[in-house]
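Asker: got a sequence here, can you build the structure:
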Amino acid sequence: MKFLKAAIFLILLSINCFAQNRIPNLEKAFNNLLADEQSKHAITSLCVLDANTGKTLFAKNEQIGLATASTLKTITAATAFSILGKDFQFQTTLAYSGNIAADGTLTGNLIIIGSGDPTLGSWRYQNKENAVLSQWVSAIQAAGIKKIEGTIIGDDRIFGSQTTPEGWVWQDIGNYYGAGTSGLAWRENQFDIHLRPGSGTNDQVRIVKTVPETPYVQIVNELRTGAAGSGDRTYAFLPPYSNVAYLRGTWGMGISKPGISVATPDPAFDCAYRLQDTLKRLGISSSQQATTARLMALNNQAVPSPTQKVNTISSPTLSEISYWFLKKSINLYGETLLKTIALKSGKTATTSKGAETEVNYWANKGIDKSALNIIDGSGLSPGDRITTSAMANILFQIQKENWFTDFYKGLPEYNGMRIKSGTINDVSAFAGYHTDTAGNKYIIVININNYSGSGINKKLFRVLDELK
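Answerer: Reported below is the predicted structural model:
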């Protein structure tokens, strides 16, 4: 037994020495990055920990708060797992108010009661749009409803009326990645606009169609055709709850994809609208236009209390949601989780209360509050400020949790490492884990703010390559 312990000690010692021998090369590579012309006016930070012990192996500018971009999602996911639990599911309930007559006439309303589920109608899971609508139609028919003397209400009250966090950029809001939350989310709160470039540069781009058809949104097309190879430089300017979208920028000749995805301005209305339209095509008419709890409040109308629930749809588990949240960097999920964290903690379901809950949670785990200046749940806000040291230490702590395997599965692979990327204007960051060829395990957080030019990631990878 003594021999075995001694052998293990020597192996660990040799691995640790091997890891330590990498540090001078890592420091040299980092200094080369600092001296690079692209970094001349930038702030660059790196924090590398021994993943087994938490010991800092190398750190530079690790206590400076920087805009995180999407690396913030690692903290949001970790907090959600900790507070909500890996098996947490959202529930969406379909109910009706009033009464059903013998002839099948509902004198009342259908009410879709949202819980904020960001996956409802998403193409990524079992509860796809058509599957949800079919399930609801079956439940309505089973209840004996053949006609509705009333309307369909999307009950979006649980998250309030502010869909996007304070601090988001106008150029982002309106595009699919800038889709805000909704108490009743639908199709990841986005729809598609198919485009066709003109035959020459600066010709007007033609709008082919929207998918699905969205007749209640007026699209003002200011797009021009870009040169071949210029790609997608199109932005949709479509505020929450608006019915007018402005398309600006260029759409390059020869681009392979059919169009762009934009944020649905009122997901709860769109959800109710789709159900009403589906029922109409099946011969089940409504006497009033679809609406939402928010719209009813604007008209001083109260949402009627449900008489009977007819269907409940459960979302995928948090483990499944987190996988796509991290793998595909879905901003909507981060904002939804932050509000849900607040709600679960007995607070109002707002972004600010979610951020407050998140900061307090990690402060109780020994992370300095002042190192976590959190504005949103996704990192899309350029106002987020977090130190690489704080992020690295959170990544170290969560390794012992029973949900860590599910968290780790969602981390993308970049440069041969399991690291989450983050990119917004002049910000590039990576955060995650790496095991080198000798078996040394590292936690890595690297972040550069205010760099110039393009192609910075390959230079960040040259630094990280020293840990291979």
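Asker: remind me which residues of the stretch 1-150 of the chain are low pLDDT?
Answerer: Regions of the stretch 1-150 of the chain meeting the criterion pLDDT under 70 cover residues 1-20.
Asker: how about a cut-off of 90?
Answerer: Within the stretch 1-150 of the chain, the stretches with pLDDT under 90 are 1-23.
Asker: can you give me the helices in it?
Answerer: Counting by DSSP state H, counting those that start in this stretch, one finds helices in the stretch 1-150 of the chain at the ranges 2-35, 72-84, 129-142.
Asker: restricting to C-alpha, output the shortest one in PDB.
Answerer: Included here for helix 72-84 are C-alpha records, laid out as PDB according to Å, rounded to 0.1, in the frame of the first residue of the first chain:
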ATOM      1  CA  LEU A  72     -21.200  34.600 -19.700                       C
ATOM      2  CA  LYS A  73     -23.500  31.800 -20.700                       C
ATOM      3  CA  THR A  74     -21.300  29.400 -18.700                       C
ATOM      4  CA  ILE A  75     -22.200  31.300 -15.500                       C
ATOM      5  CA  THR A  76     -25.800  31.500 -16.400                       C
ATOM      6  CA  ALA A  77     -26.000  27.800 -17.100                       C
ATOM      7  CA  ALA A  78     -24.200  26.900 -14.000                       C
ATOM      8  CA  THR A  79     -26.500  29.100 -11.900                       C
ATOM      9  CA  ALA A  80     -29.600  27.600 -13.500                       C
ATOM     10  CA  PHE A  81     -28.400  24.100 -12.800                       C
ATOM     11  CA  SER A  82     -27.700  25.000  -9.200                       C
ATOM     12  CA  ILE A  83     -31.000  26.800  -8.500                       C
ATOM     13  CA  LEU A  84     -33.400  25.100 -10.800                       C
END
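Asker: for the spatially most central residue of the chain, which non-adjacent residue is closest in space?
Answerer: Nearest residue to the geometric centre of the chain (CA atoms, centre = their mean): Asn331, 2.3 Å. Spatial nearest neighbour of Asn331, excluding adjacent residues (CB to CB, 6 or more residues apart in numbering): Ser378 at 3.8 Å. The way it works is simple: take the backbone N, C-alpha and C, and place the C-beta from them, glycine included.
Asker: what sits against the one you found?
Answerer: 70, 72-73, 76, 329, 331-335 (CB atoms under 8 Å, 6 or more residues apart in numbering).
Asker: how about it, secondary structure?
Answerer: Three-state assignment for Ser378 (DSSP: H, G, I helix; E, B strand; the rest coil): coil.
Asker: measure the residue nearest to the centre of the chain to Glu358 for me?
Answerer: From Asn331 across to Glu358, the span is 16 Å (CB to CB, to the nearest Å).
Asker: equivalent analysis for Gln289, please.
Answerer: 39 Å.
Asker: the closest residue to Gln399 other than its chain neighbours: what's it in contact with?
Answerer: Nearest non-adjacent residue to Gln399, counting by CB to CB, 6+ apart: Ala51, 6.8 Å away. For Ala51, the contacting residues are 396, 399, 433, 441-443, by CB under 8 Å, 6+ apart.
Asker: nearest to Thr264 among the residues you listed?
Answerer: Tyr433 (35.4 Å; CB to CB).
Asker: and the closest one, what is it in contact with?
Answerer: Listed by CB under 8 Å, 6+ apart, the contact set of Tyr433 reads 51, 395, 408, 411, 417-419, 441-444.
Asker: who has more neighbours, Gln289 and Glu358?
Answerer: In this view Gln289 and Glu358 are compared by other CB atoms under 10 Å, and Glu358 has more residues nearby, 26 against 13.
Asker: number of nearby residues for Val211?
Answerer: Neighbours of Val211 (other CB under 10 Å): 13.
Asker: quick one: residues contacting it.
Answerer: Counted by CB under 8 Å, 6+ apart, Val211 has contacts 191-194.
Asker: tell me who's in contact with the nearest residue to Phe81 once chain neighbours are set aside.
Answerer: Leaving aside its sequence neighbours, Phe81 sits nearest to Trp403 (CB to CB, 6+ apart; 4.5 Å). Contact analysis of Trp403 by CB under 8 Å, 6+ apart lists 81, 85-86, 319.
Asker: that concludes my questions; thank you for your assistance.
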